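1. starting from these lines, generate the structure:
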Amino acid sequence: MELYFPTEFGERLAYCSAAITALIGLFLMFAPGYTYRVLKLQVKEGRSEAYAEARSAGGFMVGFGLVAILLAQPMIYLALGASFGVAAFGRILSLMSDRGSVFLSLLLLVVQAILAALPFLYGLGYI
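-> So this is what the prediction gives:
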């Protein structure tokens, strides 16, 4: 199996979304403390379960991104886009009901919407 780099523009955008997903997952998996500080999250003293959850979620993102890159199938890109779309919907629910940093949440909503749109539109055949 060889690493395939896409030639079509739409597939390149979906590929980049998968690569960014894997990179975010790597940061979450190997530097959860730094990631929590950037996201302005706190971990209670003596409670390391939050780090385990971040590492687990990061591993899922790395796996999903790498599988999308290695297999390069439209249906996998479609699943990646749909997953980020649902995550963006959860972010919208959080903005409406929780009291957090609005600027950071809006910024992350834009990032999630972009990461959702690129593979989703490619998977549906629009780009």
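
2. so which helix or strand takes in the residue lying closest to Ala68 once chain neighbours are set aside?
-> In space, Ala68 comes closest to Ala18 once its chain neighbours are excluded; the distance is 3.7 Å by CB to CB, 6 or more residues apart in numbering. In short, each C-beta sits where N, CA and C put it, glycine included. Assigned by DSSP states H and E, Ala18 belongs to helix 9-30.

3. quick check: mean pLDDT across that helix?
-> Mean pLDDT, helix 9-30: 94.

4. buried sites along it?
-> Going by neighbour count (16 or more other CB atoms under 10 Å), the buried part of helix 9-30 is 10-11, 13-15, 17-18, 20-22, 24-25, 27-29.

5. also stretch 106-113?
-> Buried residues in stretch 106-113, counted by 16+ other CB under 10 Å: 108-109, 112-113.

6. repeat that for stretch 77-92.
-> 77-81, 83-85, 88, 91.

7. and for stretch 113-122?
-> 113, 115-122.

8. distance of Ala79 from Gln42?
-> According to CB to CB, to the nearest Å, Ala79 stands 33 Å off from Gln42.

9. from the buried residues of stretch 77-92, which is closest to Arg37?
-> For these, the closest approach to Arg37 (CB to CB) belongs to Arg91, at 19.5 Å.
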